[in-house]
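Student: Predicted model and sequence below, questions to follow.
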Amino acid sequence: MNHYSASGRTKSDLVKVQRPVAMLGIGVSDVTALTNETIKIYLEGSATQQDNIAPQISLLGICALSVHGQGGGYFNGGTVNFNVPIAKGGALEISDGTHLYAQLDGIKSAETYEIDTVDGGANVGTSVHYETKVVGSDDSVKRIAVDIFSVMCIRGVSHVSEINATLKPEFAGKDGNLSRKFSRKDLFAIEAEENDFAYEDATGLKRRFAQDLVCINVDRFSSLEFIKAAGNAVNLDFLR
């Protein structure tokens, strides 16, 4: 079901849904033009506390997370569509008085953006959550806990020289070592193993994101230490 489709705007309508939903279908006319657009997704009702599924998350980051390990976005009717999970195990059960809301901000007036909903079958699921953390421009070393997350998108990966990872105890090697070290080159190699492609363009060619990003699974790690040169921030988008 298409809830929003427009161009010539810098902010979308606030989409309001009251039906079981497992994913949002996000359509963009030009994936390569994605930069600073954001999306917020939340559940809210008269008898429920607001559940912030995606509190003003990078649209580029959430699209990248949505296809990692799942196959890519697909071209349909003039836009590339990404199925962004908002639930796991089924569809969110949205009861009377509760609604799912979604809104795009910072979008480009020259581009077209769409928001659709995707059903999740008869099973009742639980909401997933997206978060963003930042390695600041003044930081040369920063350690971030990642034990609750499954996938990470690094936006600005060219500024990262090295990542020192600490494994969760259950993933320790035979020698009991919990430390792993990854160069920037290693990150791209890991992504290539975990994800075949990012999206199909209008001609059917399989593409990877042209932007300065990489996505990797982080469910084996308890924390990651980022080493970078000062002067540029690195943004980290997570799915849990």
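Tutor: Received it, and whenever you're ready, just let me know what you need.
Student: For the nearest residue to Glu93 once chain neighbours are set aside, give the beta-bridge partners.
Tutor: Spatially, and ignoring its direct neighbours in sequence, Glu93 is nearest to Val124 (4.8 Å; CB to CB, 6 or more residues apart in numbering). The C-beta positions use only the backbone N, C-alpha and C, and glycine is treated the same way. Under DSSP bridges, the beta-bridge partners of Val124 are Ala91.
Student: Look at the spatially most central residue of the chain and tell me its secondary structure.
Tutor: Nearest residue to the geometric centre of the chain (CA atoms, centre = their mean): Ile62, 2.4 Å. With DSSP: H, G, I helix; E, B strand; the rest coil as the basis, the three-state label of Ile62 is helix.
Student: mind listing what it touches?
Tutor: Ile26, Ile39, Ala54, Val84, Tyr130, Asp237 (CB atoms under 8 Å, 6 or more residues apart in numbering).
Student: before we move on, what about Val124?
Tutor: Pro20, Gly89, Gly90, Ala91, Leu92, Glu93.
Student: how about a cut-off of 7 Å?
Tutor: Gly90, Ala91, Glu93 (CB atoms under 7 Å, 6 or more residues apart in numbering).
Student: Now do whichever helix in the chain runs longest: everything it contacts.
Tutor: Across the chain, the longest stretch assigned as helix under DSSP state H is helix 184-194. Under the criterion CB under 7 Å, 6+ apart, residues His68, Gly69, Val157, Val160, Ser161, Val214, Cys215, Ile216, Asn217 lie in contact with helix 184-194.
Student: Whichever of these end up buried, select them in ChimeraX.
Tutor: Typed into ChimeraX, the line below selects the buried ones among the contacts of helix 184-194, using 16 or more other CB atoms under 10 Å:
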select :68,157,160,214,215,216,217
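Student: Mind picking the two most distant members of the contacts of helix 184-194?
Tutor: Gly69 and Ser161 (25.5 Å; CB to CB).
Student: Export the contacts of Ile62 to JSON lines and append columns for neighbour count.
Tutor: Output for the contacts of Ile62, formatted as JSON lines (neighbours: other CB atoms under 10 Å):
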{"residue": "Ile26", "neighbour count": "23"}
{"residue": "Ile39", "neighbour count": "28"}
{"residue": "Ala54", "neighbour count": "25"}
{"residue": "Val84", "neighbour count": "27"}
{"residue": "Tyr130", "neighbour count": "28"}
{"residue": "Asp237", "neighbour count": "25"}
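Student: Show me the residues you listed that map onto strands.
Tutor: If you go by DSSP state E, the contacts of Ile62 have Ile26, Ile39, Ala54, Val84, Tyr130, Asp237 in strands.
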